[in-house]
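**Q** Give me the fold of what follows.
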Amino acid sequence: MKHLLAPIALAALLPAAAFADVERLQAEGSVAEVADRLEASIKAAGASVFARVDHGAGAQAAGMELAEAQLLIFGNPKLGTPAMQDDMRAGLYLPLKMLVYAGEDGETQILWEEPEETFDDLDIDDDAAYIEKMEEALQRFATAAAGE
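**A** Sure thing, here's the model as predicted:
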């Protein structure tokens with residue numbers, strides 16, 4: 001019985017550990033309003049928005065229910081290309097993504113993964129200048145979109 005408890009205890013910790021590398025910011029306004037501000041801040045910085053995925057609308061079209069959620073997929077080759085030059089597998093994780101969704105409490109949230117963690121298993125130095133620039137940009141985009 002003792003041997004079974006350790007894996008169960010470890011499994012209970014995994015969801016929390018998985019979100020340790022994810023940043024979250026509460027935002028003012030609806031999911032659509034926050035996603036609009038996020039898209040505008042990304043474009044104003046000179047990055048390209050490649051796609052805006054409306055997960056809620058997709059679920060509704062399939063006859064299912066899901067809280068409002070929109071995913072923005074975006075990037076800037078000046079930051080992404082050096083990562084791929086260091087390790088081509090970075091292309092599996094690029095372009096970057098941010099999720100805007102309605103939380104269980106009804107508050108709009110912005111969620112993104114820290115680039116340093118995104119590339120953690122690749123041959124990319126954690127101290128690469130482009131990683132810091134990506135992290136700073138994501139934080140700026142989120143702050144602008146949050147309406148703070």
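**Q** Not including adjacent chain positions, what is the nearest residue to the most centrally placed residue in the chain?
**A** The centroid of the chain falls nearest to residue 112 when counting by C-alpha atoms, centre = their mean (2.4 Å). Nearest residue to residue 112, sequence neighbours excluded (C-beta to C-beta, 6 or more residues apart in numbering): residue 98, at 4.5 Å. (C-beta placed from N, C-alpha, C; glycine too.)
**Q** OK, contacts around that neighbour?
**A** Listed by C-beta atoms under 8 Å, 6 or more residues apart in numbering, the contact partners of residue 98 are 38, 71-72, 74, 110-112, 138, 141-142.
**Q** List the beta-bridge partners for it.
**A** residue 72 (DSSP bridges).
**Q** Tell me how far it lies from residue 118.
**A** According to C-beta to C-beta, to the nearest Å, residue 98 stands 12 Å off from residue 118.
**Q** Return the residues in contact with the residue nearest to residue 141 when sequence neighbours are not counted.
**A** Distances taken as C-beta to C-beta, 6+ apart place residue 41 nearest to residue 141, at 4.8 Å, with adjacent residues excluded. With C-beta under 8 Å, 6+ apart as the criterion, the residues that contact residue 41 are 140-141, 144-145.
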